[in-house]
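**Student:** Show me how the following folds:
(chains A and B)
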There are 2 protein chains.
Amino acid sequence: MTVAETRPDAENERGRALAVLAQRFGERFSTGAAVREQHANTTTWYANEPPDAVVFAHTSEEVADLVEICATYRMPVIPFGTGTSLEGHVNAPQGGVSVDLRGMNQVLSVHPEDLDCTVQAGVTRTELNTHLRDTGLFFPIDPGADASLGGMAATRASGTNAVRYGTMKDNVLALTAVMADGTIIRTGRRAKKSSAGYDLTRLLVGSEGTLGIITELTLKLQGIPESISGGVCPFPSLDAACQAVILTIQSGVPVARIELLDEVQVRACNAHSKLDLAETPTLFLEFHGSPAGVAEQSETFGAIAEEFGGGPFAWTRNAEERTRLWQARHDAYWAALQLRPGAKAIATDVCVPISRLAECMIETKGDIEQNGLVAPIVGHVGDGNFHLCLLCDMTDADEVARADGLMQRLVARALEMDGTSTGEHGIGQGKIKYLDAELGDTVRYFRAIKQALDPLNILNPGKLVRI
Amino acid sequence: MTVAETRPDAENERGRALAVLAQRFGERFSTGAAVREQHANTTTWYANEPPDAVVFAHTSEEVADLVEICATYRMPVIPFGTGTSLEGHVNAPQGGVSVDLRGMNQVLSVHPEDLDCTVQAGVTRTELNTHLRDTGLFFPIDPGADASLGGMAATRASGTNAVRYGTMKDNVLALTAVMADGTIIRTGRRAKKSSAGYDLTRLLVGSEGTLGIITELTLKLQGIPESISGGVCPFPSLDAACQAVILTIQSGVPVARIELLDEVQVRACNAHSKLDLAETPTLFLEFHGSPAGVAEQSETFGAIAEEFGGGPFAWTRNAEERTRLWQARHDAYWAALQLRPGAKAIATDVCVPISRLAECMIETKGDIEQNGLVAPIVGHVGDGNFHLCLLCDMTDADEVARADGLMQRLVARALEMDGTSTGEHGIGQGKIKYLDAELGDTVRYFRAIKQALDPLNILNPGKLVRI
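**Tutor:** This next block holds a predicted model:
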């Protein structure tokens, strides 16, 4: 049931809410069609569902005011960072107000001696790392996009460095959030650990704006490693590459990044980024540590790769060469798009126990081929997490149906292997349908928590859990 | 309000509940005074508040039956592992049934290639590590006691290895839990990461049995390091030792353990464990890695220690010597007790940002001395976490009052420094009174979650949050 449907005078109420918001936020309130559509932009195949209005907020107090007004008039509130989420998180299926937090872009404090900082939610990961450049510290979580840190927390983002540094859940010390009744809370303090009560920090991380709107974050920082080495390593097969990954992780090599590209993706990267990599399953790696440490790690990995018929593993400490390689990895999405001009790229991800990774990837690759689809595979394989970038002609109904079937089977396959329907993209609108299969009765308690913390169902309704 | 007070025929209902439980659990149901008292045993100064009965459960299904029976009769249920928690977690202030999970001691599966295992909640950390001994893997979290893994998760335990491997929140992949209505849920799967919905795993970790009863855990495992080195390093002052710790952490030395003992604790350990350490603030350290890696780490630390007037840093890879030192560290509690025979040891802990650690410790030490109290300090200093072991003559009302005052000021001091009232012991009964000061309005949402998931308030009532 939508928020609007629950009340007979809902339309009038919405009109009044918009009038009150317009008065409160002046020029930072917009109902322009282009602005509204842009704020419902999704990089999926879901239809654009624009909000009724967009408000550009600058402080936690403003967000609290906005939520209070919206609560009064039963108006949905959809938090918006950079709009780079992948499962329709910023759509407004029930209308409402998109609250754009991109103007909350202040780094509020950096405590180098405590390896932490506090930022407003709209700061992007690149902005933070630019701000930190003279401190010798960095923030390691790097989803493909230059997302806002608030959005990254809200979707429990991770990326290539997660194998070494964890995901957003591991790197947030405390949050400031606006709850559904407009109360501003602070979920924790700057102590590195605490056992003081329920972990509301971790409950809000990954809650996709449905339990509270994250407005500030206290984040853990890492020292920039004394030495970084990296390189690429070709393998004769996906299976060989996966076996090398498993042994590397098992051997306790503290690899900072270990990314797998299948031969289709390597071909795309060669064309897009002017590389001349062998067009075979390939691992991109990075090691962080002391000079002796990274040399040791690189050599250990090289020996493991050889054991599985991989190699040669060409590694370098040269920053320029490394950057060129990783830029190619980060541009994988754009490279993939060029494989089939005019097609839409549908990104999806699953994550399985690493022992099942090869099997899951190989079965999926067979499924792609059998169905005549184009879908390069890229994986954060140290975590058992991989992505399909499905290149789909959206005007071809049969192809769309085949693509949909592929994604459903991919999730079923991951679940059957004790994995998850999404390693890092989140549930949003797109994966709600898989939640019961993945978590069973647990979903009832999701609903109980949602109803307890947002009884009017105004916070990003229609996402993560059906009410 | 207690559970019993809410219903006029509460006493009759409790009697009926006990009769039903007696029938259901036969010999594994006990109302004997000694058994009941033992199950409310606390290592604090709180009075023993025994439950009405104890049930020894063997399976999740039995726990679910028990909770369903107790829900019917509004009977509190208090989960019990090894009874080593420190803040009155196992007391039964409103009566009820203690459910002893120690018989749930099966390691259900080990997946060496995925670095994970699944255990019943009653398995202790030592039992798990014994089970793992031929796999090359270990579970790193080590609170002082040989606690049950279910209890460790429920109290978000950590210990000496947390600086390297994190706390229980970082090492639990998924939980099986019995909820307040008797439903058995599984909060996640074996994938190393997931962004599928609310993080119920992390919500249950640290919830102290108030939201659900943890019956099984899927845990991350670590490879046993190829090489381990360790040693002790004396410092001229607490401040110098803390400064060395800060620089070590900042320099990115991946220290596995870094423990501070003040001179009072060193004296106690010398006497108890027949050591001849200089009686001055001392760091105990351990490094994990490759042989070259641990040598490099040890040398880096040695140089840092020297910078702050510490040393000499005597380190060794000899397992026997290391074990002797760490045994002394683990026996610190018993050693402290002998400083003042007949006194009761009251253990408490706080955690502050590491930059404030020296200041917090030094002020606390001054406070101890000014109040004529005996309270050696031991700290997991890499995390900014330290413990007082207050040796108190409980028959001396004035001393008890002074001890109480000291602990209140300790918490106020930690909070003023943006720290927490408890780094790893939990809230239980003892620290509820500090929660508002620490988390403000956040506590309201604790209450909302508790009421949503346990509307009858039967799960460990009187702990963590006031309803």
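**Student:** OK, contacts around the closest residue in space to A:Thr183 that isn't next to it in sequence?
**Tutor:** Once flanking residues are discounted, A:Thr183 sits nearest to B:Asp441: 5.3 Å by Cβ to Cβ, 6 or more residues apart in numbering or on different chains. Glycine gets a C-beta too; all of them are placed from N, C-alpha and C. B:Asp441 makes contact with A:Thr183, A:Ile184, A:Ile185 under the criterion Cβ atoms under 8 Å, 6 or more residues apart in numbering or on different chains.
**Student:** same check, this time on A:Ser421
**Tutor:** A:Val350, A:Val411, A:Ala414, A:Leu415, A:Ile427, A:Lys431, A:Tyr434, A:Leu435, A:Ala437, A:Glu438, B:Ala196.
**Student:** A:Ala336 is in contact with A:Ala345, isn't it?
**Tutor:** Yes: judged on Cβ atoms under 8 Å, A:Ala336 makes contact with A:Ala345 at a distance of 6.2 Å.
**Student:** what touches both of the two?
**Tutor:** A:Cys389, A:Leu391.
**Student:** The two: which is more packed in?
**Tutor:** Between A:Ala336 and A:Ala345, counting by other Cβ atoms under 10 Å in any protein chain shown, A:Ala336 is the more crowded of the two (28 against 21).
**Student:** In terms of pLDDT, where does the more buried one sit?
**Tutor:** Among the per-residue scores, A:Ala336 holds a pLDDT of 91.
**Student:** check contacts around it.
**Tutor:** Applying Cβ under 8 Å, 6+ apart, the residues contacting A:Ala336 are A:Gln265, A:Ala268, A:Ala345, A:Pro376, A:Cys389, A:Leu391.
**Student:** What backbone torsions are found at it?
**Tutor:** phi -60, psi -40 (degrees, to the nearest 10).
**Student:** separation between it and A:Met407?
**Tutor:** A:Ala336 sits 16 Å away from A:Met407, going by Cβ to Cβ, to the nearest Å.
**Student:** Ok, A:Ile213 next?
**Tutor:** In terms of Cβ to Cβ, A:Ile213 sits 30 Å off from A:Met407.
**Student:** same deal with A:Asp396?
**Tutor:** 16 Å.
**Student:** residue ranges of the helices in the stretch 1-150 of chain A, please?
**Tutor:** Assigned by DSSP state H, counting those that start in this stretch, the helices in the stretch 1-150 of chain A fall at A:10-25, A:33-38, A:60-72, A:125-131, A:149-154.
**Student:** Pick the most deeply packed of those.
**Tutor:** helix A:149-154 (a mean of 30; mean count of other Cβ atoms under 10 Å in any protein chain shown).
**Student:** The following helix or strand past it - contacts with which helices or strands?
**Tutor:** Counting by DSSP states H and E, the next helix or strand C-terminal to helix A:149-154 is helix A:162-165. Using 3 or more Cβ pairs under 8 Å, 6 or more residues apart in numbering or on different chains; DSSP states H and E, the elements in contact with helix A:162-165 are strand A:257-261.
**Student:** Do the strand it packs on and chain B come into contact?
**Tutor:** No: interface with chain B: strand A:257-261 contributes nothing (Cβ under 8 Å from any Cβ of the partner chain), its closest point being 12.6 Å away.
**Student:** For the helix or strand containing A:Gln327, name the packing helices and strands.
**Tutor:** Applying DSSP H and E as the criterion places A:Gln327 in helix A:319-330. If contacts are counted by 3+ Cβ pairs under 8 Å, 6+ apart, helix A:319-330 sits against strand A:227-234, helix A:263-273, strand A:282-289.
**Student:** Please save the CA atoms from the longest one in PDB.
**Tutor:** Output for helix A:263-273, consisting of C-alpha atoms alone and laid out as PDB, is shown next (Å, rounded to 0.1, in the frame of the first residue of the first chain):
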ATOM      1  CA  GLU A 263      38.400 -12.600 -21.500                       C
ATOM      2  CA  VAL A 264      35.300 -10.700 -22.800                       C
ATOM      3  CA  GLN A 265      36.100  -7.800 -20.400                       C
ATOM      4  CA  VAL A 266      39.800  -7.900 -21.100                       C
ATOM      5  CA  ARG A 267      39.000  -7.600 -24.800                       C
ATOM      6  CA  ALA A 268      36.800  -4.600 -24.000                       C
ATOM      7  CA  CYS A 269      39.500  -3.000 -21.900                       C
ATOM      8  CA  ASN A 270      42.100  -3.500 -24.500                       C
ATOM      9  CA  ALA A 271      40.000  -1.700 -27.000                       C
ATOM     10  CA  HIS A 272      38.800   1.100 -24.700                       C
ATOM     11  CA  SER A 273      42.000   1.800 -22.700                       C
END
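**Student:** May I have the secondary structure class of the residue of the stretch 351-467 of chain A found nearest chain B?
**Tutor:** Minimum separation of the stretch 351-467 of chain A from chain B (Cβ to the nearest Cβ) falls at A:Ala452, amounting to 3.4 Å. Three-state call for A:Ala452 (DSSP: H, G, I helix; E, B strand; the rest coil): helix.
**Student:** In TSV, list the contacts of A:Ala336 along with distance to B:Cys242 and pLDDT.
**Tutor:** As requested, the contacts of A:Ala336 are exported to TSV (distance: Cβ to Cβ, whole Å; pLDDT from 0 to 100):
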residue	distance to B:Cys242	pLDDT
A:Gln265	49	96
A:Ala268	52	95
A:Ala345	52	89
A:Pro376	51	96
A:Cys389	50	93
A:Leu391	56	95
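**Student:** follow-up on the earlier one: need the residues that contact the helix holding A:Gln327.
**Tutor:** Residues contacting helix A:319-330 (Cβ under 8 Å, 6+ apart): A:144, A:160, A:228-232, A:259, A:261, A:269, A:272-273, A:275, A:284, A:286, A:316, A:335, A:378.
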